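In: Structure for this input, please:
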Amino acid sequence: MSALDLLIQTPPLLYAVVALFALAVGSFLNVVIHRLPLMMEEEWRRECAHLAQSQAEAAAGQTATHPATSSASAGVSPGFSPETPPTAPSMASATVPPTASPAEAATPLSLARPGSHCPHCGHRIRATENIPLLSYLLLRGRCSACQQPISPRYPLVEALTALLSVLVVWRLGLTWEAAAALLLTWGLIALAFIDLDTQLLPDNITLPLLWLGLLISLAHWFVSPSEAILGAALAYLFLWTVYQLFKLATGREGMGYGDFKLFAVFGAWLGWQALPLILILSSVVGAVIGMILLARSGRDRHTPLPFGPYLAAAGWIALLWGDSISGSYLRWSGLG
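Out: Numbers count the residues shown, from 1 in each chain. From the prediction side, this is the model:
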């Protein structure tokens, strides 16, 4: 009997293996959630510094040719001084531990470097202190060096990744569809927490998920290629239209372009038929939770709240139980 046959014939063993692997994935997702926004900001700062330097050099060249020309008339943006172009502070230097070497401090931030460390004292996290979920429990939620508390977010993401991964395999079995759904699930977890922290849905994650959904439609795992293409296009255009109408009526932006792309991801994976269910679930849950959060915090109702987590949760539910929910509704309404 092969190992694969053993897993298929022993569901508890299969779920245990999936959970252990997903815990490791969850540990990596913690890195992505924390560092990807910082990497994006670091890149934006480098681009701004390069633009400022280019404008300063262009202005200096024009000043040399036409000494009487002022920086404003030479086309230099206000706030950018040709003599002292602004430089972007290194985000990497703000995130490396205090004990980092000069070479490490000069290295751009990535998902791999610098190594994990305590944000309070710079203590480098050893391998034995980085075991998903277990290390947090053994350390009692505190840094082994300075005893400062470790955010419970880390074990939460790891445990959530394991739980959702087991549910995917339980629902879809040990299939290629389940493997694809696991990739989508992990991407959604990262997107949801990044959006909660920063109100950003990075293209680095949403666009690969979108293209992957279109590609797997060629195998007819979830929907056909025509349903996937139509779903992605209609999802994006629908939220884009809502955004434009809301902005025209109120003068404010009700959501971001990342929400359009995330909705398009579900259109590509699940087809246009799943879009109404996803939109209803995400809107209702988002509205209820949003009102509760605003009421508890005492903030103004115009305070922006991330929509991505609710959209991600609704899409994931539709992935596993969309047909059952739609069928139950049709039978309840007498239409099925």
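In: Check which helices and strands the helix or strand harbouring Glu158 is in contact with.
Out: Element membership for Glu158, per DSSP states H and E: helix 153-172. Identification of packing neighbours for helix 153-172 by 3 or more C-beta pairs under 8 Å, 6 or more residues apart in numbering; DSSP states H and E yields helix 11-65, helix 134-138, helix 176-198, helix 308-333. (C-beta placed from N, C-alpha, C; glycine too.)
In: Number of residues surrounding Ile194?
Out: Close neighbours of Ile194, defined as other C-beta atoms under 10 Å, add up to 26.
In: repeat for Ala179
Out: Neighbour number of Ala179 under other C-beta under 10 Å is 14.
In: With Ala190 instead?
Out: 23.
In: ok, it touching Asn30?
Out: No. The criterion here is C-beta atoms under 8 Å, and Ala190 misses it with Asn30 at 9.2 Å.
In: Find the residues that touch each one of these two.
Out: Shared contacts of Ala190 and Asn30 (C-beta atoms under 8 Å, 6 or more residues apart in numbering): none.
In: Just say which of the helices and strands packed on helix 153-172 is most tucked in.
Out: Among the helices and strands packed on helix 153-172, ranked by average contacts under mean count of other C-beta atoms under 10 Å, first place goes to helix 176-198 (a mean of 20).
In: Beyond that one, next helix or strand please.
Out: Per DSSP H and E, the first helix or strand lying C-terminal to helix 176-198 is helix 203-216.
In: Check which helices and strands that next one sits against.
Out: Counting contacts by 3+ C-beta pairs under 8 Å, 6+ apart, helix 203-216 packs against helix 11-65, helix 176-198, helix 225-250, helix 257-270.
In: Show me how far the helix or strand following the last one is from its chain's centre.
Out: The one in question is helix 257-270. Toward the C-terminus, helix 257-270 is succeeded by helix 275-297 as the next helix or strand (DSSP H and E). Distance of helix 275-297 from the chain centroid (C-alpha atoms, centre = their mean, to the nearest Å) equals 19 Å.
In: Likewise for stretch 163-172?
Out: That offset, for stretch 163-172, works out to 20 Å (C-alpha atoms, centre = their mean).
In: how about the helices and strands packed on helix 203-216 in TSV, adding mean pLDDT?
Out: Formatted as TSV, the helices and strands packed on helix 203-216 follow (pLDDT from 0 to 100):
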stretch	mean pLDDT
helix 11-65	90
helix 176-198	96
helix 225-250	95
helix 257-270	96
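In: Now the ones you listed in CSV, please, with extra columns for distance to Leu218.
Out: What follows is these, written out as CSV (distance: least, C-beta to C-beta, whole Å):
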stretch, distance to Leu218
helix 11-65, 26
helix 176-198, 12
helix 225-250, 6
helix 257-270, 12
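In: what sits against the residue positioned nearest the centre of the chain?
Out: When the chain is reduced to its mean C-alpha position, the closest residue under C-alpha atoms, centre = their mean turns out to be Leu191, at 1.9 Å. Neighbouring residues of Leu191 by C-beta under 8 Å, 6+ apart: Leu201, Pro202, Ile205, Thr206, Leu262, Gly308, Ala312.
In: will you turn those residues into CSV that also has distance to Val169?
Out: Below are these laid out as CSV (distance: C-beta to C-beta, whole Å):
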residue, distance to Val169
Leu201, 26
Pro202, 27
Ile205, 22
Thr206, 24
Leu262, 24
Gly308, 25
Ala312, 19
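In: Flag the least confident of the residues you listed.
Out: Ranked by pLDDT, these bottom out at Gly308, which has 92.
In: Leaving out the residues flanking it, which one is nearest to that one?
Out: Asp195 (3.5 Å; C-beta to C-beta, 6 or more residues apart in numbering).
In: Surely Ala145 forms part of a strand?
Out: No. Read with DSSP: H, G, I helix; E, B strand; the rest coil, Ala145 is coil and lies in no strand.
In: so how far is Val166 from it?
Out: 34 Å (C-beta to C-beta, to the nearest Å).
In: And Arg331, by the same measure?
Out: 29 Å.
In: for Gly251, same thing?
Out: Distance from Gly251 to Val166, by C-beta to C-beta: 46 Å.
In: just Asn30 next, same as before
Out: 19 Å.
In: which stretch among the helices and strands packed on helix 203-216 comes nearest Arg296?
Out: In terms of C-beta to C-beta, the element of the helices and strands packed on helix 203-216 nearest to Arg296 is helix 176-198, at 15.7 Å.
In: burial count for the residue nearest to Leu210 when sequence neighbours are not counted?
Out: Nearest residue to Leu210 in three dimensions, chain neighbours excluded: Val265, at 4.9 Å (C-beta to C-beta, 6+ apart). When counting by other C-beta under 10 Å, one arrives at 31 neighbours for Val265.
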